[in-house]
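Asks: quick one: sequence and predicted model below, then my questions.
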Amino acid sequence: MKAETKNQIDALATDLRSQIQIKEGAATIAADAYVKSLPDGLSLETVKKLKEHDAVFYPAVTKAFGEAAIDAMKADKKIESLDLSVPLVEGDKFDTNFKRSYEHMDMATKEMKTSYGGLSASLTVQGARHNRGAMSAIKNDLKAKAMAEFAE
């Protein structure tokens, strides 16, 4: 982990630690902890606009892909399933899959049933992608601290 990254993590962790309360076995953090941690130049308004855009973009690209998949499957009976991976930013991606048909249990009859137009989607966020080493180091550090505190 880079020294600069470690210093940033340590400073933010110290600030966040002061905002965490643990009472009667339940942990809470100040409701504005994330917002207060935003770096200079990244406003809450910008974050909200991004979230509003995402709330429209993901359903829109899913609809567009599903319609394109239906057209392609209609034209080519051999296509049973199609995948679309939408690159976002910094390794993040939105993946969706459309299936011509799929089998599932009909809960009312307890029999297998064929349905058409199977759709699945997932969002992969690599926010800590460049900090994987940091997350691993933190995990190992916390394990060692827990071992020292709790092992008998």
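Replies: That came through, no problem.

Asks: how far off centre is the helix of greatest length in the chain?
Replies: With DSSP state H applied, the helix covering the greatest number of residues in the chain is identified as helix 44-75. Put simply, helix 44-75 sits 16 Å off its chain's centre (CA atoms, centre = their mean, to the nearest Å).

Asks: swap in stretch 37-51?
Replies: Centre-to-centre, stretch 37-51 and its host chain are 18 Å apart (CA atoms, centre = their mean).

Asks: can you get me the start-to-end distance on that stretch?
Replies: 17 Å (CA to CA, to the nearest Å).

Asks: show residues contacting it.
Replies: The list of residues contacting stretch 37-51 from outside it, by CB atoms under 8 Å, 6 or more residues apart in numbering, reads 12, 15-16, 35. In this view, the C-beta of every residue, glycine as well, is placed from N, C-alpha and C.

Asks: try it again at 10 Å.
Replies: Outside stretch 37-51, the residues that touch it by CB atoms under 10 Å, 6 or more residues apart in numbering are 8, 12, 15-16, 19, 32, 34-36, 57, 89.

Asks: which residues touch V35?
Replies: Under the criterion of CB under 10 Å, 6+ apart, the contact partners of V35 comprise 43-44, 47-48.

Asks: name the helix or strand for it, please.
Replies: Taking DSSP states H and E as the criterion, the element that holds V35 is helix 33-36.

Asks: can I get that helix in PDB, CA atoms only?
Replies: Presented in PDB, the C-alpha positions along helix 33-36 are these (Å, rounded to 0.1, in the frame of the first residue of the first chain):
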ATOM      1  CA  ALA A  33     -20.300  10.500   8.000                       C
ATOM      2  CA  TYR A  34     -20.100   9.600   4.300                       C
ATOM      3  CA  VAL A  35     -21.100  13.100   3.100                       C
ATOM      4  CA  LYS A  36     -18.600  14.800   5.500                       C
END
